[in-house]
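S.K.: no sequence on hand, only this structure:
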Ligand SMILES: [Ca+2]
Ligand SMILES: [Ca+2]
Ligand SMILES: [Ca+2]
Ligand SMILES: [Ca+2]
């Protein structure tokens, strides 16, 4: 071997050694960690495990930022994880509200509705608007001859969405004045007995109301009684018809309960009467103490106003009376077409809500079949304040 060959061999060996050293150097210094292999090193990766959720979101929502199979729990899929979601299951009822009332806040099937919507169960009684029929029993269907207020009776009214009813309780004649003789009649004058021109058996009427309530779910019903019989006879009426135990008794000055709590307590019937409070019958709320009403039976729409006519104007519960009488002082079916019209009635309701700074609890009409009383209240109930945008016509 010549010298030149020896030098060449040594330089090749040296190069090979260099390559080996370089390789070894590379093997002993591992690449920076990148858990999800997305090319962003873990120290820089906002989503370490690559499951699509930011590390801080996972930390806040109590899932594991280092585990792709652990992601924030969001039962209702609204993008708000359960930890931060006041209504985890998205059924409209807050978690606490559900827990306090025995519902499962993690199960959207475990819920209740009031007047068709779960969120209405959260509304207090005075923060809801009920469609109401004036002299609800005085109808063509019930064969009233004079002073007729509606074409159709209770079943139709209920099916149409009416949930508050004004009734007049009388004995069926001057000679029949026992508790069994309670009827709904409409006085037309002092010379004739009010039941002469038509009567409805109060027991049958209230029984039907009870069965309608039994067959629906989550509705609160109100009666306003213009009463001409002893309170004991009204008590007998409600006892006999199985309705007595579901009557709610309110303490003056207390906040009104929510619709949900009224339903859950089994007290889904609220009764007012147009008489002074009687301590022996605290469930017969004096409508003038516990509520107030506007004027009524004006001769034209122009005469209607929003102000207090009867009762305590400081009370949150009130009746927006919305019926006209004709030149003979009788209910006016022609006028009802105008004042029950959807736009007219909605505008009047919102205007009175604004003027009185208080939502009408009841909107009461004659000839409920004319116009759209129940659609008006559906729209009003979608609003939380008179200044809210007006929702679409139902
Ligand atoms: Ca994760
Ligand atoms: Ca959620
Ligand atoms: Ca819920
Ligand atoms: Ca639930």
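M.R.: Arrived safely, thanks for sending. Not measured: the values here are computed from a predicted model. Numbering: from 1, shown residues only. Ligands and ions are numbered 1, 2, ... in the order given.
S.K.: what about the nearest residue to residue 312 once chain neighbours are set aside, neighbour count?
M.R.: Distances taken as Cβ to Cβ, 6 or more residues apart in numbering place residue 292 nearest to residue 312, at 5.6 Å, with adjacent residues excluded. Where C-beta positions appear, they are placed from N, C-alpha and C, glycine not excepted. Residue 292 has 23 neighbours, counted by other Cβ atoms under 10 Å.
S.K.: gap between residue 292 and residue 34?
M.R.: Separation of residue 292 from residue 34 (Cβ to Cβ, to the nearest Å): 72 Å.
S.K.: same question, residue 199
M.R.: From residue 199 across to residue 34, the span is 87 Å (Cβ to Cβ).
S.K.: how about the nearest residue to the residue in the stretch 251-394 of the chain that ligand 1 sits nearest to, chain neighbours excluded?
M.R.: For the stretch 251-394 of the chain and ligand 1, the shortest gap (Cβ to the ion) falls at residue 260, measuring 37.3 Å. For residue 260, ignoring the flanking residues on the chain, the nearest one in space by Cβ to Cβ, 6+ apart is residue 121 at 3.0 Å.
S.K.: mind listing what the one you found touches?
M.R.: 93, 112-114, 218, 258-260, 263 (Cβ atoms under 8 Å, 6 or more residues apart in numbering).
S.K.: assign a three-state SS to it, would you?
M.R.: helix (DSSP: H, G, I helix; E, B strand; the rest coil).
S.K.: what residues does the chain put near ligand 3?
M.R.: Selection of the chain residues close to ligand 3 by Cβ under 5 Å from the ion yields 87, 89, 91, 93, 105.
S.K.: poorly predicted segments of the stretch 101-250 of the chain, please.
M.R.: Along the stretch 101-250 of the chain, segments meeting pLDDT under 70 span 188-189.
S.K.: what is the burial count for the residue in it positioned nearest to ligand 1?
M.R.: In the stretch 101-250 of the chain, the residue found nearest to ligand 1 is residue 106; the distance is 20.5 Å by Cβ to the ion. The tally of other residues near residue 106 (other Cβ under 10 Å) stands at 14.
S.K.: ramachandran coordinates for it?
M.R.: phi -110, psi 10 (degrees, to the nearest 10).
S.K.: from ligand 2, how far off is it?
M.R.: According to Cβ to the ion, to the nearest Å, residue 106 and ligand 2 sit 11 Å apart.
S.K.: how near is that residue to residue 57?
M.R.: For residue 106, the distance to residue 57 (Cβ to Cβ) stands at 20 Å.
S.K.: wait, the residue of the stretch 101-250 of the chain closest to ligand 1 touches residue 89, no?
M.R.: Yes - counting by Cβ atoms under 8 Å, residue 89 is a contact partner of residue 106 at 5.6 Å.
S.K.: mind listing the shared neighbours of these two?
M.R.: residue 75.
S.K.: how about the contacts made by residue 321?
M.R.: 134, 293-297, 309, 364.
S.K.: can you do 6 Å?
M.R.: 293-294, 296, 364 (Cβ atoms under 6 Å, 6 or more residues apart in numbering).
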